[in-house]
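Colleague: Just need the structure, nothing else, for what follows:
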Amino acid sequence: TRCSRDWSSDVCSSDLGHAEYVAELARQLAHDRFGDDAYTRGINVYTTVSSMHQTLAYDAVQAGIERYGKRHGSAKAATALPQAALISLDARTGAIEAMVGGTDFATSRFNHATQAQRQPGSTFKPFVAYAALNTGQLPGGVEYTLRDTGTYKLTSIPEERCQLNVKCIFKNANCGNGAPCRYGRVNVVSALAISSDVFFYKIGEEIFSQRGYRPILEEQVRQFGFGSPTGIDLPYEFIGTVPNKALKQRLAASGAIAKEEGKGYYVGDNVQFAIGQGLLSATPLQLAVAYGTIASGGKVVQPHVVRAVWGPGTPNGKPGRVDLDKGVVLRDYSAPEIKRDIGMDKTARDAIVEGLTRVVNGPGVRSDIYHSTTGEKLFRSYPKRALPIAGKTGTAQGAGNLPWNDSSAFAAFSKNPNIPYTAVAYLEKSGFGSRAAAPVVKCVFTALAGKTRVIDAQPADPLDVNAITPAPEQRLNSPFCLVGSGSSVRD
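Modeller: Just a heads-up that it's a prediction; the model follows:
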């Protein structure tokens, strides 16, 4: 996986297996660090991106988007396919293994993997669970339970205000019968598994109102990197937003929200924050780093794309390659950098990982009826023994709270330390988390488990300036990894 010599993005991308976004950012990075030498001296950038992993990620995203088009079944849908991003990294080292920055690089160079600031929806709930467990907010810790009746009423707001203009009642997503899901008695593990909004509404209210209205939740989730740059060695990274009073004041001053709304930070803001909605936003890269932190037991790694920079005169190898054994390393960036270790409490982490494992494997909970977990049906065909994973669905509600504006998110990590990958997919305006993004990530881990054959990228010869033959088009070898029933719950 190298970008070299010519430095046009098309040339660089052909060697990486549809890694146009990585190649373009690597080109910008090389120019920033080496100036015009990056173009004239034949400098080679050796990236962390795996050709096989990148091809797999790209093919899975494209197959998922095509599936979306068929599901929505019109010529209009086919020509207005959603934007998408997928990022996969090594949770131990931060090395980016694959990055799909959008649907079509030719039409938009905006990198959705590092620049799209979007609501993470319920993929954010593990970090809220950690905040509650780490601060002692839940009486009894992991043993704490509540009865989820489908609705939650704020207890810190006087009844007279609730009768006037303050929203005090919050509901779970509907269960398909027009009524909010009622999950019965749940703890932190089962609340993550079935994505109980009520459980997290309560955390959102009480971690704020019972602690002097201090930004405890904000402080806790920032440890995972939300609201801050990841430090990736690529330009133009966006940092997302973490809700607080200062943010609301800035948004009100810019006209993004009403001036009256910007006067304070309220309980309702923290309630929405706790389910990954409201003014919270993050990039897929930030979400991948945060899930990698859970996977590693609390180590926040700095993601990186560049492994090393090789000097001029590195000889050509086979088509699409250079002979690194005969080159000279100018700079080596391969050493992993741990930004911090947040020291995750083992009991808290184990409960969170158990809940995320149940999202994939089941079981759900039984109250009025049996409620499957949000990923249980989809992952029935997944090879769980070959590569156990833990993950979480998310549905970010769009404009007007209309279902066709929902964006789909799924984040997961391998539980096998020998295959230490984390993957996040985000498909905008594509529906529920289990129906669009989760099948894409499922395909990635199915291949990493060795249960789907991945055809490695077949590059054109970017080192031959006279070459006119493009690389052959590639598609997902087997689209059956996408197959499965998504949850009917908007979570």
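Colleague: quick one, phi/psi of V353?
Modeller: V353 adopts backbone torsions of phi -60, psi -40, taken as degrees, to the nearest 10.
Colleague: That one - nearest residue in space that isn't next to it in sequence?
Modeller: Nearest residue to V353 in three dimensions, chain neighbours excluded: A390, at 5.3 Å (CB to CB, 6 or more residues apart in numbering). The way it works is simple: take the backbone N, C-alpha and C, and place the C-beta from them, glycine included.
Colleague: low-scoring pLDDT stretches of the stretch 201-350 of the chain, where are they?
Modeller: Low-confidence segments of the stretch 201-350 of the chain, defined by pLDDT under 70: 317-321.
Colleague: got the residue ranges for the strands in it?
Modeller: With DSSP state E, counting those that start in this stretch, the ranges of strands along the stretch 201-350 of the chain come out as 299-301, 306-310, 329-332, 338-341.
Colleague: tell me what the longest one is packed against?
Modeller: With contacts defined as 3 or more CB pairs under 8 Å, 6 or more residues apart in numbering; DSSP states H and E, the secondary structure elements packing on strand 306-310 are helix 20-34, strand 44-47, strand 329-332.
Colleague: What of the third one?
Modeller: Using 3+ CB pairs under 8 Å, 6+ apart, the elements in contact with strand 329-332 are strand 306-310.
Colleague: Measure how the strand it packs on sits relative to helix 20-34, angle-wise.
Modeller: If you take axes from the mean of the first three to the mean of the last three CA atoms, to 10 degrees, strand 306-310 sits at 50 degrees to helix 20-34.
Colleague: Tell me the strands beside strand 306-310, with direction?
Modeller: Here strand 306-310 is paired, per DSSP bridges, with strand 44-47 (antiparallel), strand 329-332 (antiparallel).
Colleague: hey, which of those is tucked in deepest?
Modeller: Highest mean neighbour count of the strands paired with strand 306-310: strand 44-47, a mean of 24 (counted as mean count of other CB atoms under 10 Å).
Colleague: Tell me which helix or strand comes right after that strand.
Modeller: Counting by DSSP states H and E, the next helix or strand C-terminal to strand 44-47 is helix 51-72.
Colleague: can you give me the angle that following helix makes with helix 20-34?
Modeller: Per the same axes, to 10 degrees, the angle that helix 51-72 makes with helix 20-34 is 140 degrees.
Colleague: residue contacts, F413?
Modeller: Counting by CB atoms under 8 Å, 6 or more residues apart in numbering, F413 touches 91, 291-292, 294-295, 389-391, 421-423.
Colleague: Out of these, which is nearest to A131?
Modeller: Among the contacts of F413, I294 lies closest to A131 (CB to CB), at 12.9 Å.
Colleague: Verify the stated contact: I352 with P126.
Modeller: Yes. In this structure I352 lies within contact range of P126 using CB atoms under 8 Å: 5.0 Å.
Colleague: what residues are shared contacts of these two?
Modeller: Between them, I352 and P126 share these contacting residues under CB under 8 Å, 6+ apart: 192, 294.
Colleague: coming back round to it: which stretch among the helices and strands packed on strand 306-310 approaches K299 most closely?
Modeller: Ranking the helices and strands packed on strand 306-310 by distance to K299, with CB to CB as the measure, places strand 329-332 first at 21.6 Å.
Colleague: Distance of S190 relative to S434?
Modeller: Separation of S190 from S434 (CB to CB, to the nearest Å) stands at 17 Å.
Colleague: These two: which has the busier surroundings?
Modeller: Taking other CB atoms under 10 Å, S190 and S434 do not tie; S434 has more neighbours (31 against 23).
Colleague: Count the residues that sit near P439.
Modeller: Neighbour count of P439, defined by other CB under 10 Å: 26.
Colleague: likewise Y370?
Modeller: So Y370, with other CB under 10 Å, has 9 neighbours.
Colleague: The closest residue to it other than its chain neighbours: neighbour count?
Modeller: Leaving aside its chain neighbours, Y370 sits nearest to G364 (6.3 Å; criterion: CB to CB, 6+ apart). Using other CB under 10 Å, G364 is surrounded by 20 other residues.
Colleague: so G364 makes contact with K377?
Modeller: No. Applying CB under 8 Å as the test, G364 and K377 come out as separate, 9.8 Å apart.
Colleague: can you give me phi and psi for V365?
Modeller: For V365, the backbone dihedrals (degrees, to the nearest 10) come out as phi -130, psi 160.
Colleague: Bridge partners for it, pull those for me.
Modeller: For V365, the beta-bridge partners under DSSP bridges are H371.
Colleague: residues touching it, list them.
Modeller: Taking CB under 8 Å, 6+ apart, we find V365 in contact with 183-184, 186, 190, 193-194, 371.
Colleague: Let me know the closest of the residues you listed to R385.
Modeller: Comparing the contacts of V365 against R385 with CB to CB places A193 closest, at 19.6 Å.
Colleague: Can you name the helix or strand that that closest one falls in?
Modeller: With DSSP H and E as criterion, A193 is part of helix 188-194.
Colleague: just to revisit the earlier point, please indicate which of the contacts of F413 are buried?
Modeller: Among the contacts of F413, the ones that count as buried by 16 or more other CB atoms under 10 Å are 91, 291-292, 294-295, 389-391, 421-423.
Colleague: Could you tell me how far the residue sitting furthest away from the middle of the chain is located from C168?
Modeller: The outermost residue of the chain relative to its centre, with distances by CA atoms, centre = their mean, is E160 at 40.7 Å. The gap separating E160 from C168 is 11 Å, by CB to CB.
Colleague: And for N416?
Modeller: To C168, N416 is 45 Å away according to CB to CB.
Colleague: okay, the two: which has more neighbours?
Modeller: In this view N416 and C168 are compared by other CB under 10 Å, and C168 has more residues nearby, 19 against 14.
Colleague: what helix or strand is the residue nearest to the more buried one when sequence neighbours are not counted on?
Modeller: Spatial nearest neighbour of C168, excluding adjacent residues (CB to CB, 6+ apart): C162 at 3.8 Å. Per DSSP H and E: C162 is located in helix 159-164.
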